[in-house]
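S.K.: need a 3D model of the following:
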Amino acid sequence: MKIKLRIIKLLIVLIYLFSSNALFAQNTFQHSYGTKADEIPNNFIQTTDKGFALLGSTDDNYGYLVKVDSLGNKMWSKEYSISNFSTYNLQSLVGGNLIQTSDKGYLVCDAHTLMKTDSLGAVQWAKYFSAYFNKVLEVQGGYILAGSNGYAMFIKIDFSGNVLWTSSSLNNSGDEMLDIIQLKYDSCFYLIAQNRIIKTDKHGNSIWSKYIYINSSLSDGVNNQIYVDSDGKSIDGFLTNGTSNYWFNFDSSGTVKESLFFPLNSGYESWAYFVPGINNSKIFTYSVFDTVAGHSFNYHIFSFKTDSLGNIKWSKRIGGPKEDYPIGVLQTNDKGIAVFGATQNFSDGADDFYLTKMDSMGNSSCNQDTFHIDKLTAIAITLNNDNVFNKTSTPIDSSLIVTSSNINDTSFNDCSCYTPHADFFYNTISGYMQDSSTWASHWYWSFGDGTFDSTTISPTHQYADTGIYNVCLKVKNACGEDSICKTIDYQNPTLSVKNITNSYSINVYPNPSSGTFNFHFDDTYIKGEMEIYNMMGKCVCNETLRQAQGDIRIDLSNQPAGIYLYRIISENGNVVGNGKLVIE
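M.R.: Numbering: from 1, shown residues only. Okay, the predicted model is just below:
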């Protein structure tokens, strides 16, 4: 009898352990989603069914919403356009902030527009506002929108989008609200702007407003975030300005309790994102412009987790040798981590949505390695009193006509192996070989002129002489290889301004300049296009030429110093003028 009881107890324990493991199993995956064009990610959330909703836009300025299950499999996707955009001088609906509403639908907040959908992405209503908004939050009786009307502001609307009240600062012109939370225990709102934090009651009445100081200097964050801490009563702030990143925790009175700092230890620029983890841990993801495995510089995704003191628990680099970048990170309800962004490595076109699900130790299923980052260091962050907010007049809101349709997109399991496809195009102005291959991990170039070949993803190659060259690219990955050869008709574009031979008489002055150039045409009438390229082959200016003889002023003062190449193309497609521009 005792033996039978022991066996029964053992079976109960085994059943419990098995059920617990099944219940708390952490899914891991990497998936990409998109069309053959560029997709631009903006925001993502975990949904009540443990899946995810991904928001962004296509490169033709349509809103793009993808719903996936807990394993990353696409359930449905929609694109959105504004039919009466000219009425409100709106060019697009590109998707900014996203929440899942209590009726299991979705609310998309995109600058001046707000769109409500049902659970399958069908549009229910849409609104236009004269103010613009960055964040949306569902609260009792409606939604809160945080943004700017020239001054930092936020408003409350009902569930149909009608404005109930508005709260705004009447100082600091040009400031804007970047993020907002509501604490459950006191029902108060906490909002973060570029350099201050505001607390109001649930009706938008100001309680306090405080400037953020870092080492006695006013903060200059441009992508600031705010979260309810894991204790449910204090608030985490995160400041990032592209080069430095600051985390701090403060209580409901605005007193900072802890603050930490991490600089970059590689690359040139970082856009970082933060989310509070379990047991006072901290999870960060950011992009750095660096080189991987000897390939040319690109943005790459880095994620790491710390304990409550800033000690590094793990650090992972995610993606491939071409460009990847993140736009957000989540602590998932299975205690794992999700990172959302874009990829050029695992796509059927250019940039695709890229969703990575990791376990609690940062392990995903593929395409990752480790990197080193130092422990976060303490830094002095304080909140000092500012002027208060005030109730103000209501912004204009009007109905929009927004249509939705199914989009012709694809999804990929990025941990599967796909045979690569080789392709590229050549920029005859700059000599830039732009790789457009898919699913490649290694590149082998032959330029056809007897010079050394290259294994760079997208090399720049200038030929010594004009002529016809046979350029070949072979790409490989673990599943196979592919190759392509193209004939390049190279015409040397680097003639000086003084000895250009063309059908137009052109004089460029001053050249060099600080960025402003005058093109003087002696011909009676100019018809065509002017294109200006940097040395990486990117077109930085395109000007339509439709005018009588005289001067055309081109302003490149927003471009960095360096050499630029221009060409003028006639209406029949012939290059009728070209040369160098130098910005000092």
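S.K.: ranges for the helices of this structure?
M.R.: For the chain, the helices defined by DSSP state H cover 2-23.
S.K.: how close does the residue nearest to the spatial centre of it get to Phe154?
M.R.: Per Cα atoms, centre = their mean, the C-alpha nearest to the average position across the chain is that of Ile327, at 4.6 Å. Separation of Ile327 from Phe154 (Cβ to Cβ, to the nearest Å): 22 Å. Yep, even glycine has a C-beta here, placed from its N, CA and C like the rest.
S.K.: just to revisit the earlier point, now for the residue nearest to the centre of the chain: which residues touch it?
M.R.: 41-44, 273, 340-342 (Cβ atoms under 8 Å, 6 or more residues apart in numbering).
S.K.: now tabulate these in a markdown table and tack on pLDDT, neighbour count and distance to Val66.
M.R.: Below are the contacts of Ile327 laid out as a markdown table (pLDDT from 0 to 100; neighbours: other Cβ atoms under 10 Å; distance: Cβ to Cβ, whole Å):
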| residue | pLDDT | neighbour count | distance to Val66 |
| --- | --- | --- | --- |
| Pro41 | 92 | 27 | 10 |
| Asn42 | 90 | 20 | 12 |
| Asn43 | 93 | 20 | 12 |
| Phe44 | 96 | 24 | 9 |
| Tyr273 | 92 | 23 | 19 |
| Phe340 | 97 | 25 | 10 |
| Gly341 | 95 | 26 | 13 |
| Ala342 | 93 | 26 | 13 |
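S.K.: any idea how many residues pack against Ser32?
M.R.: 25 (other Cβ atoms under 10 Å).
S.K.: right, and it touches Asp352 too?
M.R.: Yes: here Ser32 reaches Asp352: they are 4.4 Å apart, a contact under Cβ atoms under 8 Å.
S.K.: can you list residues touching both of the two?
M.R.: When contacts are counted by Cβ under 8 Å, 6+ apart, Ser32 and Asp352 have 343, 346, 412 as shared neighbours.
S.K.: among the residues you listed, which one sits closest to Ile379?
M.R.: Thr343 (33.1 Å; Cβ to Cβ).
S.K.: partner residues bridging the nearest residue to that closest one once chain neighbours are set aside?
M.R.: Distances taken as Cβ to Cβ, 6 or more residues apart in numbering place Tyr354 nearest to Thr343, at 3.8 Å, with adjacent residues excluded. Counting by DSSP bridges, Tyr354 is bridged to Ser32, Gly341.
S.K.: right, and Tyr354 touches Phe346 too?
M.R.: Yes: between Tyr354 and Phe346 a contact is recorded at 6.8 Å, counting by Cβ under 8 Å.
S.K.: can you check the pLDDT for the spatially closest residue to Gly105 that is not a sequence neighbour?
M.R.: Take Gly105 and drop its neighbours on the chain: the residue closest to it by Cβ to Cβ, 6+ apart is Asp118, 4.8 Å away. Note for Asp118: predicted pLDDT of 95.
S.K.: contacting residues around Asp118?
M.R.: 103, 105, 124 are the contacts of Asp118 under Cβ under 8 Å, 6+ apart.
S.K.: now it: how far from Ile407?
M.R.: Taking Cβ to Cβ, one finds Asp118 at 17 Å from Ile407.
S.K.: before we move on, what about Glu571?
M.R.: 35 Å.
S.K.: in terms of neighbours, single out the busier of those two.
M.R.: Under the neighbour definition other Cβ under 10 Å, Glu571 and Ile407 were set side by side, and Ile407 has more, 19 against 11.
S.K.: so that one sits against Tyr64, correct?
M.R.: Yes: with contacts defined as Cβ under 8 Å, Ile407 counts as touching Tyr64 at a distance of 6.8 Å.
S.K.: ok so, going back, show me the contacts for the residue nearest to Thr343.
M.R.: Contacts of Tyr354 by Cβ under 8 Å, 6+ apart are 30-32, 41, 319, 324, 340-343, 346, 414.
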